[in-house]
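>>> Need coordinates for the following:
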Amino acid sequence: MDAAKYIWMNGEFKPWNEAQTHVLSHTLHYGNGVIEGTKAYKTDNGYAIFRLNDHTKRLKESAKMTLIDIPYTVEEMNQAQIELIRKNEFTGDNVYIRPFAFLGYGVMGVYHKNAPVETVLAAWEWGAYLGEEGLKSGIKLKIASMSRAGNTSSMGKAKATANYLNSQMAKFEAIDCGYDEALLLDDQGYVAEASGACFFMIKDGEIITPPNDNSLASITQKMVIELAEDMGYTVTRRRITREEVYVADEAFLTGTAAEITPVRDIDARIIGGGSRGEITEIIQSTYFDIVFGRNEKYKHYLTYI
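Got it, this is the predicted structure:
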């Protein structure tokens, strides 16, 4: 990770190396924290944060689900993120922003409500999450041996740190087996999501993506559905089986970090022609036009710095 100059922590900007916490912070021991992933892109008119309000609002909602009381409004955190980009004086094409809240030092034990809440906004320059080559040629995807935790045992719609142990183990398994990313099924055997992204497949011109029954309500997924429908494609939200993904014509992942990443191989089954599909490429290029401010229709999703 490339260090930046400043991190916003509990209402003030601190030098990167001074934004620290105690080793007995509650979240380190019991896993209750919430995170966001937001991105700023370098447009012709300077940096612009993509769907800033949506991401900050989701952070607050995740915190409410997990009983963490963030003491800042959405508007206050939005403004802090804008100022964070300004103060760090970035120069790269895109900047990843990580808003998060966790439980700090003060109490120990499973009951957490007396632990102090720490709120942090960090940002750094970060390239393609699954590699530049992956964006062009596609990645290899492995269906993980473990399933996505069900609604009866976790809160999948919260972007909570505890949920990512499941993702972490699945991702390690995939890479250890020679793949680039993991795809998790739910406890009924239907596609849930990748370790840190949503899944789309295309069959006979129809774009299909699973509902968020027990997974994060993805902002990028929602954006892709909107732009695809605007372009005249049929988009269907329904459950997807393992067998269906093997015979898809195209497939891709979406997410703030993953952006639009084509999938060329799933469990040693070649998807389509084994490279970025035609519809995937159209959606990918349209998405990048939007986030880089080259599409007037969607400029309302950009917050210019």
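>>> helices and strands around the helix or strand that contains residue 82, which ones?
Following DSSP states H and E, one finds residue 82 within helix 74-88. With contacts defined as 3 or more Cβ pairs under 8 Å, 6 or more residues apart in numbering; DSSP states H and E, helix 74-88 has these neighbours: strand 6-9, strand 12-15, strand 46-50, helix 52-65, strand 94-103, strand 117-125. Every C-beta, even on glycine, is put in place using the N, C-alpha and C of the backbone.
>>> Which parts of the stretch 201-305 of the chain are helices?
219-230, 242-246, 278-291 (DSSP state H, counting those that start in this stretch).
>>> Among the ones you listed, which comes closest to residue 184?
helix 242-246 (11.2 Å; Cβ to Cβ).
>>> which of the residues in that closest one are buried?
By neighbour count on 16 or more other Cβ atoms under 10 Å, the buried set for helix 242-246 is 245-246.
>>> pLDDT on that helix, on average?
In this model, helix 242-246 carries a mean pLDDT of 97.
>>> which residues sit against it?
The list of residues contacting helix 242-246 from outside it, by Cβ atoms under 8 Å, 6 or more residues apart in numbering, reads 143, 183, 185, 189, 191, 199, 201, 203, 251, 266-267, 269.
>>> If we use 10 Å, what do you get?
141, 143, 183, 185, 189-191, 199, 201, 203, 208, 251, 263, 266-271 (Cβ atoms under 10 Å, 6 or more residues apart in numbering).
>>> What count of nearby residues applies to residue 236?
12 (other Cβ atoms under 10 Å).
>>> Please disregard the earlier target; I meant residue 110.
8.
>>> so it, which of the three states?
Counting by DSSP: H, G, I helix; E, B strand; the rest coil, the backbone at residue 110 sits in coil.
>>> again, but for the one 5 residues further on
Judged by three-state DSSP, the three-state class of residue 115 is coil.
>>> list the contacts for it?
25-27, 30, 32, 68, 102-109.
>>> Is there a quick ChimeraX command that grabs whichever of the contacts of helix 242-246 are buried?
Filtering the contacts of helix 242-246 down to the buried ones (16+ other Cβ under 10 Å) takes a single ChimeraX command:
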select :141,143,183,185,190,191,199,201,203,208,251,263,266,271
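>>> Show me the contacts of helix 242-246 that map onto strands.
141, 143, 183, 185, 191, 199, 201, 203, 208, 251, 263, 266, 269-270 (DSSP state E).
>>> That'll do, ta.
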